[in-house]
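Undergrad: Have a look at this prediction, sequence included:
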Amino acid sequence: MTEEKYDFQRAKKENLELADRMLRWISFPISKLIIRYTSITPNQITLFSFLLSLAGGFFFLQGEYKDLVTGGILIFLRQIFDQVDGEVARIKGLGSTFGKWFDGITGYLSVELIIFSLAIGIGTPLAYLVGGVAALAYPLQYLFVYFYKLEVVNSSEPITIGKGNKFNFLRQIYGSALFYVLVPLFAFMNKPLWALLFFAVVGNLFWMGTLAVQYLALRRNIQP
């Protein structure tokens, strides 16, 4: 089909988090090329992005600088194509429940895979410890967020406390896109342990902050 049959502005109107919007200038041209010239489906793109994660993890396991650089490039591309699958799905009207599930599951697995691959590639007791703490942060973040939304307040609206919520701004700049930018950056610097340290500290502070925001929001709502 020709480009005129698709609404390419649809994906651009999506309310993305800040870190994801920063990569759109790379992902969107790729999405347009795929839509114009191929019949590749969003789920096939999701699978390809997951394979990039597996390949990146394999190189991280080697632990050498050239392998860190190669792994960093691969997982950065993984994040780009993770955005491409959603853009193609929205523009072509191919979004599905299965696609959303497949994209989410492969995304969660990729983060844990990369963290453990980095730790094993470094191969020190400190790296194993910090990697384990970093890996713990991501499931806790999603557990506490979705438990609160589904079981406590039954709402998908962002948590706010009064006006100008600073926590909401932090949420906008922190996410999977930031992970797939900072890990390659530290890999290029030959500082893979720094990547683990960053997400061990920031990732766990994030879920702690999430609990604090939830508590304050609930306290505000129960005041007479």
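TA: Okay, I see it.
Undergrad: Report the residue spans of this structure with pLDDT below the cut-off.
TA: Along the chain, segments meeting pLDDT under 70 span 1-21, 157-175, 222-224.
Undergrad: any idea which residue sits dead centre in this protein?
TA: What sits nearest the mean C-alpha location of the chain, by CA atoms, centre = their mean, is residue 176, with 2.0 Å.
Undergrad: dump the residue contacts of it.
TA: 19, 79, 82, 107, 111 (CB atoms under 8 Å, 6 or more residues apart in numbering). All C-beta atoms are positioned from the backbone trio N, CA, C, and that covers glycine.
Undergrad: Residue 179 too?
TA: Taking CB under 8 Å, 6+ apart, one finds 111, 199 in contact with residue 179.
Undergrad: Please export the C-alpha coordinates of the helix or strand hosting it as CSV.
TA: Following DSSP states H and E, one finds residue 179 within helix 176-188. These are the backbone C-alpha positions of helix 176-188, laid out as CSV (Å, rounded to 0.1, in the frame of the first residue of the first chain):
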residue,chain,number,x,y,z
SER,A,176,13.0,1.2,29.8
ALA,A,177,14.3,3.7,27.2
LEU,A,178,16.6,5.2,29.8
PHE,A,179,17.9,1.7,30.6
TYR,A,180,18.7,1.0,27.0
VAL,A,181,20.5,4.3,26.6
LEU,A,182,22.6,4.2,29.8
VAL,A,183,23.7,0.6,29.6
PRO,A,184,25.2,1.1,26.1
LEU,A,185,26.8,4.4,27.4
PHE,A,186,28.5,2.7,30.3
ALA,A,187,29.5,-0.2,28.0
PHE,A,188,31.2,2.2,25.7
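Undergrad: just the angle between the helix or strand following it and helix 176-188, please?
TA: Downstream of helix 176-188, the first helix or strand assigned by DSSP H and E is helix 192-222. If you take axes from the mean of the first three to the mean of the last three CA atoms, to 10 degrees, helix 192-222 sits at 160 degrees to helix 176-188.
Undergrad: How is the closest residue to residue 115 other than its chain neighbours assigned, secondary-structure-wise?
TA: Spatial nearest neighbour of residue 115, excluding adjacent residues (CB to CB, 6 or more residues apart in numbering): residue 135 at 4.7 Å. Following DSSP: H, G, I helix; E, B strand; the rest coil, the label given to residue 135 is helix.
Undergrad: Residue 135 and residue 111, how far apart?
TA: Applying CB to CB, to the nearest Å, the value for residue 135 to residue 111 is 8 Å.
Undergrad: Between these two, which contacts overlap?
TA: With CB under 8 Å, 6+ apart as the test, residue 135 and residue 111 reach no residue in common.
Undergrad: so which of the contacts of residue 176 comes closest to residue 150?
TA: Comparing the contacts of residue 176 against residue 150 with CB to CB places residue 107 closest, at 19.0 Å.
Undergrad: if we can go back for a sec, okay if I get the contacts of residue 176 as TSV plus neighbour count?
TA: As requested, those are arranged in TSV below (neighbours: other CB atoms under 10 Å):
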residue	neighbour count
19	19
79	27
82	26
107	18
111	22
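Undergrad: Which one of those is nearest to residue 195?
TA: residue 111 (11.7 Å).
Undergrad: Now that closest one: which helix or strand?
TA: Assigning secondary structure by DSSP H and E places residue 111 in helix 97-122.
Undergrad: Tell me who's in contact with the residue nearest to residue 115.
TA: 112, 115, 116.
Undergrad: Distance-wise, check the nearest residue to the first one once chain neighbours are set aside relative to residue 191.
TA: I take that to be residue 112. Nearest in space to residue 112, with sequence neighbours left out and distances taken as CB to CB, 6+ apart, is residue 135 at 5.4 Å. The spacing between residue 135 and residue 191, counted by CB to CB, is 19 Å.
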